[in-house]
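Engineer: What follows is a predicted protein model with its sequence.
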Amino acid sequence: MIGTYSRIAVLAGLAVFTTHAALAAATDYEFQPVSVEIKNDAGSELGVRLVDKRTGKAVPGAVIFRTQLDMSPDGMGEMLAKHEALPPGEPGVYRYKADITMAGDWAFKLQAKVPGEAETVEGSVVFTAKD
Ligand SMILES: [Cu+2]
């Protein structure tokens, strides 16, 4: 975990340093749900696809350095779910395992460094947990 946090600190520093580089370009990218519906369960799997909206193609190689999974879509923004990244599979798809504790809508918020893009790319993807 120490390694993870120092990596986050370095990337956060980079994000600040490069803020002025290309303000519009990060909006060329979008995180989309692989499947909106997920299980209301421990170890529930969810996936996001990073898409370059200019080409419609999935973007591999992004470093997702900050994530939060919360119930803000249902007015419970302080309700968080523990989650961890799963090994990469299909290029451009980023998968996680999450301990979902309540049925309803969860927002998965991400910050990523994308190859060739100076600005930090941010996304918020809503998943619906069902029993
Ligand atoms: Cu809740």
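Structural biologist: Structure received.
Engineer: got the contact list for the nearest residue to residue 52 once chain neighbours are set aside?
Structural biologist: Closest residue in space to residue 52, ignoring its immediate chain neighbours: residue 59 at 5.3 Å, by Cβ to Cβ, 6 or more residues apart in numbering. Every residue, glycine included, has its C-beta placed from N, CA and C. By Cβ atoms under 8 Å, 6 or more residues apart in numbering, the contact set of residue 59 is 29, 50, 51, 52, 92, 114, 115.
Engineer: residues near residue 31, how many?
Structural biologist: 21 (other Cβ atoms under 10 Å).
Engineer: And the residue nearest to residue 52, how far from residue 73?
Structural biologist: Relative to residue 73, residue 59 is positioned 25 Å away (Cβ to Cβ, to the nearest Å).
Engineer: ok, back up a step: now, of the contacts of residue 59, which are buried?
Structural biologist: 29, 50, 51, 52, 92, 114 (16 or more other Cβ atoms under 10 Å).
Engineer: what about the last one, distance to the ion?
Structural biologist: In this case it means residue 114. Distance, residue 114 to the ion, by Cβ to the ion, to the nearest Å: 31 Å.
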